[in-house]
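In: this is a predicted model, with the sequence first.
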Amino acid sequence: MKSLNTRVAIIGAGPSGLLLGQLLATRGIDNIVLEKETGDYVLGRIRAGILEHGFVDLLREAGCGHRLDAEGEIHDGFDIYVNGETHYIHLRELTGGTTVVCYGQVEITHDLMDAREAAGLVSYYEALDVQPHDVLSDHPRVSFRHQGEEYEIACDFVAGCDGYHGVARQSIPESERTEHHTAYPFGWLGLLSDTPPVSKELIYCKHERGFALASRRSAERSRYYVQVPLTDRVEDWSDEAFWDEFRTRLPPEAAERLITGPSIEKSIAPMRSFICEPLQYGNLFLVGDAGHIVPATGAKGLNLAASDVAALFQVLARVYEAGDRYCVPRYSEIALRRVWHGVRFSRWLTGMLHRFDTETTGDLPSEIYSRFKQSELEYFLASEAGRRVIAEQYVGLPYETL
Ligand code: FAD
Ligand code: PHB
């Protein structure tokens, strides 16, 4: 068995794990990243696209903001299309100058991977059977297999950045965590294509046939979604069927501009939320999707992963720079406060923008639920105060300091 030593063992080389590793490295805090897949596989997952300013600042602090600053698109706002009318949520005006940046998760991961390699930081891709041990002690370990060899890392802390299906959360005894789950009976069918996007900024569409979102990755690459029942399978959706459905749900002037083409990627993401409490167990921390999932409507999944990273980075920097170990248990409390806000906001927007055939709350049948949601949306869009409530949360609530 090969023995390794580090300060922080990071499980997972998604955006959470790589960003944490990079930030720690800026303060000289040694870390090792363990990823079960290949780098190419990680880069093949097409996911988020909208970044809050807090995330953008964090990427810059990690020394990974150059390409983002050059190629990321600043979006001043977005459209909500409902009842045949388009309402512009002017983020910049409504929030006193804050905007979001459109830059794909794949590009972020790419930049972080390149930075990690350039800095000579240690990563093991295709690391199998990763398992944390003794995380309640001051001497946690992480074992894994790599290219047929057994390894063990001795460390101070373990960061579980390994997504919803990862090993970190599962290694916390069930009696020590509570999981809150909610699921919708629908998902988003997403299509990526090398076609000029239909709009310079995003259009969230509420249509009687269901929700649709026109997003983008660049001037030449479009990312579009339609709400579909969870019973649908991606194989049953031809590109033509997608384009027809998407066009129907768009505002007519956008539908006229729509340029279609072959899909590069097509997948269905279920809409659900999940929170694990607490987000730590001794010296093991859950970060990003390992600890929580949100429905994609508010573009919050990746952004909440980033605020977890910011919270954990502050804690670990204080441990190593000020010798203060008392702040360690505060990670979960700080991260969770923002997570609950993000989950609530995502659920709220999802409720107002989607078609509901079966959703009920308490004594409300789905017909009444849908009508209440429609009237809530109309109410919020009609007033500047209402639009500001949407805008403030969309650009991201402030990060908490330790
Ligand atoms: P992940 O990106 O999941 O990374 C976890 C990493 O850990 C993976 O590379 C995985 O291979 C690795 N891993 C897992 N298990 C192990 C193990 N046992 N050992 C070692 N490594 C392991 N968010 C948005 O804001 N907008 C969107 O449009 C959007 N679309 C999405 C679509 C889909 C299909 C999914 C699944 C998510 C989407 N999200 C979206 C959410 C967003 O992509 C996530 O919040 C984000 O990826 C979280 O980053 P992460 O690093 O925490 O987790
Ligand atoms: C995306 O571009 O993939 C995207 C943008 C905004 C969302 C969800 C997904 O709310």
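Out: Arrived safely, thanks for sending. Ligands and ions are numbered 1, 2, ... in the order given.

In: so which residues on the chain come close to ligand 1?
Out: Selection of the chain residues close to ligand 1 by CB under 6 Å from any ligand atom yields 11-17, 34-37, 42, 47-48, 105, 127, 130, 161-163, 165-167, 267, 269, 288-289, 296, 299-302, 305. All C-beta atoms are positioned from the backbone trio N, CA, C, and that covers glycine.

In: what's the ChimeraX syntax to select whichever of those are buried?
Out: Buried members of the residues of the chain next to ligand 1, defined by 16 or more other CB atoms under 10 Å, are picked up in ChimeraX with:
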select :11,12,13,14,15,16,17,34,35,36,37,42,47,48,105,127,130,161,162,163,166,167,288,289,296,299,300,301,302,305
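
In: keep only the residues of the chain next to ligand 1 that also lie close to ligand 2.
Out: Among the residues of the chain next to ligand 1, the ones lying near ligand 2 by CB under 6 Å from any ligand atom are 48, 296, 299.

In: buried stuff in the biggest helix by length in the chain?
Out: Selection of the longest helix in the chain by residue count, based on DSSP state H, yields helix 330-353. Residues 330-332, 334-336, 338-339, 341-343, 345-353 are the ones in helix 330-353 that count as buried (16+ other CB under 10 Å).

In: and Ile157, what is it in contact with?
Out: Quick fix: residue 157 reads Phe, not Ile. Phe157 makes contact with 7-9, 140, 283-285, 316 under the criterion CB atoms under 8 Å, 6 or more residues apart in numbering.

In: tell me which of the residues you listed is nearest to Gly261?
Out: Phe285 (42.6 Å; CB to CB).

In: please report the distance of the closest one from ligand 1.
Out: As defined by CB to the nearest ligand atom, to the nearest Å, Phe285 lies at a distance of 12 Å from ligand 1.

In: the host helix or strand of that residue: how far from the chain's middle?
Out: Per DSSP states H and E: Phe285 is located in strand 284-286. Strand 284-286 has its C-alpha centroid displaced from the chain centroid by 17 Å (CA atoms, centre = their mean, to the nearest Å).

In: now stretch 279-288
Out: Relative to its parent chain, stretch 279-288 has a centroid offset of 18 Å by CA atoms, centre = their mean.

In: what residues does the protein put near ligand 2?
Out: Counting by CB under 6 Å from any ligand atom, the chain comes close to ligand 2 at 48-50, 202, 215, 223, 296-297, 299.

In: what's around the residue of the chain found nearest ligand 2, how many residues?
Out: Here the residue of the chain nearest ligand 2 is Gly49; by CB to the nearest ligand atom that distance is 2.7 Å. When counting by other CB atoms under 10 Å, one arrives at 23 neighbours for Gly49.

In: right, and Val130 touches Glu37 too?
Out: No. Here Val130 does not reach Glu37: they are 11.6 Å apart, not a contact under CB atoms under 8 Å.

In: tell me where this protein has helices.
Out: Counting by DSSP H, the helices of the chain are 15-26, 39-43, 53-61, 66-71, 91-94, 105-118, 167-170, 239-249, 252-257, 301-322, 330-353, 366-382, 384-395.

In: which other helices and strands contact the fifth one?
Out: Spelled out, it's helix 91-94. On a contact count with 3 or more CB pairs under 8 Å, 6 or more residues apart in numbering; DSSP states H and E, helix 91-94 meets strand 77-82, helix 384-395.

In: who does the first one touch, helix- and strand-wise?
Out: Put plainly, it is strand 77-82. strand 85-90, helix 91-94, strand 203-207, helix 366-382.

In: contact partners of that strand?
Out: 86-93, 199, 201-207, 250-251, 353, 377-378, 381, 391, 394.

In: try the last one
Out: Contacting residues not belonging to helix 384-395 are listed as 52-53, 77-78, 87, 89-91, 94-95, 98-100, 298-299, 341, 345, 349, 379-381 [CB under 8 Å, 6+ apart].

In: would you point out the most distant pair within the residues of the chain next to ligand 2?
Out: Greatest spacing in the residues of the chain next to ligand 2, by CB to CB: Arg223 and Thr297 (14.4 Å).

In: pretty sure Gly396 is touching Ile50, no?
Out: No. Using CB under 8 Å, Gly396 makes no contact with Ile50, being 10.0 Å away.

In: overlap of the contact sets of those two?
Out: By CB under 8 Å, 6+ apart, Gly396 and Ile50 have these common neighbours: 100, 303.

In: quick one: which of the two has more around it?
Out: Of the pair Gly396 and Ile50, Gly396 is the one with more neighbours under other CB under 10 Å, namely 28 against 24.

In: can you tell me, leaving aside adjacent residues, what's nearest to Gly298?
Out: The spatially closest residue to Gly298, leaving aside those adjacent along the chain, is Ser346, at 4.0 Å (CB to CB, 6 or more residues apart in numbering).

In: roughly how far apart are that neighbour and Asp111?
Out: Applying CB to CB, to the nearest Å, the value for Ser346 to Asp111 is 26 Å.

In: likewise Glu321?
Out: For Glu321, the distance to Asp111 (CB to CB) stands at 26 Å.

In: same thing with Leu4?
Out: Using CB to CB, Leu4 is found at 26 Å from Asp111.

In: neighbour-wise, which of the two wins?
Out: Using other CB under 10 Å as the criterion, Leu4 and Asp111 rank with Asp111 on top: 23 against 16.

In: my guess is Ala24 contacts Val319. True?
Out: In this structure residue 24 is Leu, not Ala. No. In terms of CB under 8 Å, Leu24 does not count as a neighbour of Val319; the distance is 10.9 Å.

In: ok, Gly261 - contacts?
Out: So Gly261 contacts 193-195 (CB under 8 Å, 6+ apart).

In: let's see that with 6 Å instead.
Out: Residues in contact with Gly261, defined by CB atoms under 6 Å, 6 or more residues apart in numbering, are 193, 195.

In: show the model's pLDDT score for it.
Out: For Gly261, the model assigns a pLDDT of 98.
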